[in-house]
Structure formats: C-alpha cells, structure tokens
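Peer 1: The following comprises the amino acid sequence and a computationally predicted model.
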Amino acid sequence: MSNLNVIWSLPRYKKRLISLLIDFFFIGISFLGAYWVRIGQVEALPSIESQYVLVSTVIITLLIFTKLGLYRAVLRYLGLHVLALVGLGTALSAVAMAGLAFWFDAAIPRSVPIIYGAFLAISVGGSRLIVRSLVAQSSNNSGNPVLIYGAGSAGRQLALALRQSETHKVVGFVDEDVTLQNTMMMGLYVYTAACAEKVIIKHGVKQILLAIPSASRRRRKEVLDTISLLPVEILTVPDMSDIVAGNASIDELKDVSIDDLLGRDPVAPQQALMEANIKDKVVMVTGAGGSIGSELCRQIVRNKPKALVLFELSEFGLYQIDRELSLLVEAEGLDIQIIPLLGSVQRINRLSKVMGSFKVQTIYHAAAYKHVPLVEYNVVEGVRNNVFGTNYTARAAIEAKVESFVLISTDKAVRPTNVMGTTKRMAELGLQALAEQQNKIRAKDASAGTRFCMVRFGNVLGSSGSVVPVFKRQIENREPITVTHEEITRFFMTIPEAAQLVIQAGAMGKGGDVFVLDMGESVKIVDLAKNLIHLSGLEVKDESNPYGDIEIKYTGLRPGEKLYEELLIGDNVDSTAHERIMTAQEDFLPLDEYNALLDKLDTACHDFDHEGIRQLLLDAPTGFAPVDGIGDLVWKAEQE
C-alpha cells in the first residue's frame, strides 16, 4: 500500500494525465478485442481504413471523455453520476466508431461497435471502481475499528464519511432488520446484535456508533438496552432535524443523550397555549439565572413577548442569561426588550416597584432554594426564601395588577420528609389561599384580580444538583460512582420539556390550580449509573466482576432524602387539554389562617427558634413527616 500512497499523493494534473493514458490504452484494447471477438483472428488490422478508424476513435473518445468531465471527477468520491458519464461516453464512442467505419468505408462488421462499447464501458468503469476501492482500503487501514448500528440511510452516509477518517475504521453494520441479515453493504457485512460480540472480539472494536437519528426515543432506548452491555463505548450521530437544518453533520459523533436512556418521547407543544400568557405581553421570570428559570426565558423569547424582565439574585447568573438572550434577540432580529434586574424575592418593596414600573402582566416564579441537604443545613434561609419569598412575590403581583402568576413547584412538596419540600408545599398553600381571594374578585370583574396556579414536577436532567453530570464526571475521572441508596428512584424530565409544559399549564389555570406534569416512569438511580458506565465502554466493578472498571458506592440517604418521590397527595386528579398535564384537587388553608401561620413562622425565623419552626411546619397541613432531626448547622453549633 505504501507504493499506492505515492500515487495517491501525486498532484491532480499528473493523476489526470495517468487516467488519460490508461483510457488511451483501454480504447485501443477494446477496439482490437471487439474486432477479434467478431472475426476470430488475432492479427493486425487488415486495412489502412480500419487503422484510420482506430486512430480517429481514440482521439474522439478522449475528447468526449474530457468534455463530459470524466477527468475532473475525484475517484475516491466516485458515485453513480460518474458511472453514468462513463456509460454515456462509451455509447457516444461506439456511435462515433460506427460513423467513422462508414465514412472511411472500412471493412468493419456492424456488430463490432456494439461489442467495442461493452468492452470500453467495462474497462473504463471497472478500472475506476477498482481505484476507488483501493483508495478506500488504504485510508481505512488506520484508525480505531468501529461498528455502525443502523444500516439505513444515516448509517451508510456515516460509513461513507468515515472512509476518509484517520481515526475510525468501519468493520461492519449492526441491524435487526431480518431482510438485511447476511448481506453486504458498501463492502461491509451487516450483523445482528446477537453476533456483534463475536465481531467486537475478532476485530478489537472499541466503539459502536448509533446511526438511527430519525428513531423515536422509545426506539433508541430499546436499542440501547440491547447493546449497552457489549464491552464497547457507544456514541451517536446528531438528530436528523439538526443534520437537515445544517446545524450538524452526520459524522459529528457525541455521547448518547441521557434523554435516550429514559426513552421518553417529547410531545409537541400546543402553540396556542405557549403564546397565551406571553405573546406581546410583559413577562417576568424570578430566578431567571437558574436551570429552570433560564430555560423558561429561552422558551418565552421564542414566543415573542413585548418585554422580558429577568429577576435574579446571582449577579453571575443574571449576566449569563442576559448576554445569551440579548445575542439571541439580536441574531434573530426580534423586537423584544430584555430587562436584567438584580434583586431578592425576600424584598417585597423591590418586587412591587419592579412589577409596577414595567407593568408586568405574567410572572413565572422559579426563584427558590431546591437542594434538599443544603436547605436542611440552612433552615431559616430556606423558609425565608421559599415560603416568604413566594408570598411576597404573590402579594406584589396582586398590588401591581399582574394578570397571571405561575409557581414552579416540586414533587418533593408531596408528603415531604425534608424542610425544602415542606417549604414548597407551604408556598403552594399560600398561593391557594391568595387564589381563593382573587377568584372572588375576578368573579365580579373578569379583568381584575391575579390568576394564580402552580406546576408540580420532578427532577430535570442537567439542572444544578442533578446526578447525571456528577456521574459523568466520576466516570471520566475513573472514580467510584456514589449513589445514596440501592433502591432510590426518581422521576426525570428534560429541562426544555419541563419549561414548555410549565408555560402551557400556566395558560390553562383558572385560579388556585395545582397542575401535575406526567413524568413517565420513575427511574432507579443505580440502573442509570450502570447504563452510563456501560455506554462509556466500561464495566461495573462488583463482587461478580472484581476486575471491572468503576465501582458503585452506596453512601446512605442524605438528610431529609426519600427513597421514592410522589407527584400527588390525594387521588383527586383530572385530565386537561394537554395529554401530559393533569390538575390535582388539594386541600388548603383559608387566607386568614395562613397569614396567622406566617406571622408565627416569621417570629420563629427572626428568633432563630428552630424547634419552633419545626413545630409550626409539623402543625401546618403540609403532611411533613421528617426522617431526621433538626439539621441546621448554626443551630447544631449552638448546641455543642
């Protein structure tokens, strides 16, 4: 192959000259071969007229091939178009030969041009196919051996793209289509998943490339369940929508998305619901720099509000989302005012001033402390931010005559075992109490009063505190994966889907609604960890496999952590206009009783009376059932 590489590296004009000389030789051989096949004798052409025909045919054929662009084609990318040009050129050459024989009155049988055309097509076309095959083999001898899962259009495109790659060498396809079994495509065998392990061992395959970009997430999960236990790393091609839009190419390989492991297919948002509370309105997002808040802002901008108020305590978080959205608005030529404001939801006067000054019409309240152990360690701040912060924001919204207020809640508010979940349920109770009051106002005047609702859902992938980035970092560093408990499960949803459903649920609220998102099936965290290990081409290290790569360590439940999360307190659930949004009928306190409870809680927080705070949370109708004692770090330090 080293001698061939010398040829492949020649300048293009020299390669064209070589092609022309080879075709010169093939034209002469095809002419003489056709003559011999017809006459049956191997001898010089019998007449000077026949020799004239031969010379003229060679010259005219080379001119035809040149005119058709045959010598401009790059052989390593030879396709059907070039072979079609070969066919057209040889046909024209055969016609020219017949015409020349008539013109020179040469003694050439009429069948010779037909035989000549066939010989020329085979020799010229075949030689180019052979060269392309040699180029492919020489370029494919280096690189890591890989298998491509999916012998469809995307798989074939990927194989073609990787033929020029120095990092990957495709050794075959894997596909479960029974009609493709024991067949070859592009010179590569198509194997079943059952045969894949033998092929992996035989060729030393290190990676399987998943080339099924059009498949649903449910189908991808089925495929991953089939091949994830194979001792290889699994990568995937981008989504077909990104490829078609030009945002990605077929050979831009990436890690398997965690979405595919969940097997949850997103439902297209209902545009009327997405726009109802946003289009041409002034919208405000509290906690705009957080995981959920920032995605809400992205979704809101796409639905063209008049202005978007970003309200955020973290200066860095606010800077990031403001810059991102400002660039997006500028790039897409949108007429949207982005208003970045620093502030805390614990300052009611700041909230009132902001909402009144910008005439806010819709609020998405995402500002909250959501990390369970941290709120256990900082009880007073958790209560202040989650309970009082929500109450202040809601009261400011009423004062500013905001039309719609949507609270981002959590599944941890259902029968909570920790302070964070309890504070979120307290926040829900406050909104429900205020909603009862506002509903009475709106019953008299539909244009008056604020419409409150809350949306409850589970964990979102990629959020701050999510286990997935932690697991990936541990795998990358070859560290043991830490899981709190072998049986712990959680509901998961992607951040974009959660944000879309929050917006749509908010548009359906009538006042005081508790919406619950359909999170699908709960996921066992240890299974998620094992899948991530397998997808990285590594093995779990345990008693049955002591020589594995990565161990899973169980650290015990964290303060206030539950094994299982729930989304509903009771069974009073109704469907809505959206298949993944339900509405729950939950009990709540009258406003005067809730305000009395807040007054007591405010005093207890001011006095740092942690026993009093806990008792008030236990007495409130939140269903609080703590599994640990008081965990506040300041309180503990005082007890020592």
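Peer 2: Done, it's in.
Peer 1: Let's check: the centremost residue of this protein is which one?
Peer 2: Closest residue to the average C-alpha location of the chain: Ser257 at 5.7 Å, with C-alpha atoms, centre = their mean.
Peer 1: you'd agree that residue is up against Thr236?
Peer 2: Yes: the pair Ser257 and Thr236 qualifies as a contact (C-beta atoms under 8 Å) at a distance of 7.2 Å. To be clear about C-beta, it is placed using only N, CA and C from the backbone, and glycine gets the same treatment.
Peer 1: Show me the strands in the stretch 401-550 of the chain, by range?
Peer 2: Here the stretch 401-550 of the chain has its strands, by DSSP state E, counting those that start in this stretch, at 404-410, 451-457, 459-461, 481-483, 489-490, 492-494, 513-517, 523-524, 540-541, 550-554.
Peer 1: ok, and what's touching the third one?
Peer 2: Contacts to strand 459-461, defined as C-beta atoms under 8 Å, 6 or more residues apart in numbering, come from residues 258-259, 262, 291-292, 466, 468, 490-495, 498.
Peer 1: Relative to the whole chain's centre, how far out is that strand?
Peer 2: Taking C-alpha atoms, centre = their mean, to the nearest Å, one finds strand 459-461 lying 14 Å from the centre of the chain it belongs to.
Peer 1: quick check: angle from the helix or strand hosting Val283 to strand 404-410?
Peer 2: Taking DSSP states H and E as the definition, one finds Val283 inside strand 282-286. Computed with axes from the mean of the first three to the mean of the last three C-alpha atoms, to 10 degrees, the direction of strand 282-286 lies at 30 degrees from that of strand 404-410.
Peer 1: Now strand 282-286 - C-alpha only, PDB.
Peer 2: Once non-C-alpha atoms are left out, strand 282-286 reads as follows in PDB (Å, rounded to 0.1, in the frame of the first residue of the first chain):
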ATOM      1  CA  VAL A 282     -44.500  42.000  29.600                       C
ATOM      2  CA  VAL A 283     -43.300  38.800  31.200                       C
ATOM      3  CA  MET A 284     -41.200  38.400  34.400                       C
ATOM      4  CA  VAL A 285     -39.200  35.400  35.500                       C
ATOM      5  CA  THR A 286     -37.800  35.200  39.000                       C
END
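Peer 1: neighbouring contacts of the helix or strand that that strand is followed by?
Peer 2: The element immediately downstream of strand 282-286 (helix or strand, assigned by DSSP H and E) is helix 291-302. Applying C-beta under 8 Å, 6+ apart, the contact partners of helix 291-302 are 274, 278, 283, 285-288, 308, 310, 312, 317, 320-321, 324-325, 328-329, 334, 336, 364, 366-367, 408, 460, 462-464, 495-496, 498-500, 502-503.
Peer 1: Now, those that are in helices?
Peer 2: When the contacts of helix 291-302 are checked against helices using DSSP state H, the ones located there are 274, 317, 320-321, 324-325, 328-329, 495-496, 498-500, 502-503.
Peer 1: Tell me the buried residues within the residues you listed.
Peer 2: Buried residues within those, defined by neighbour count using 16 or more other C-beta atoms under 10 Å: 274, 317, 321, 325, 328-329, 495-496, 498-500, 502-503.
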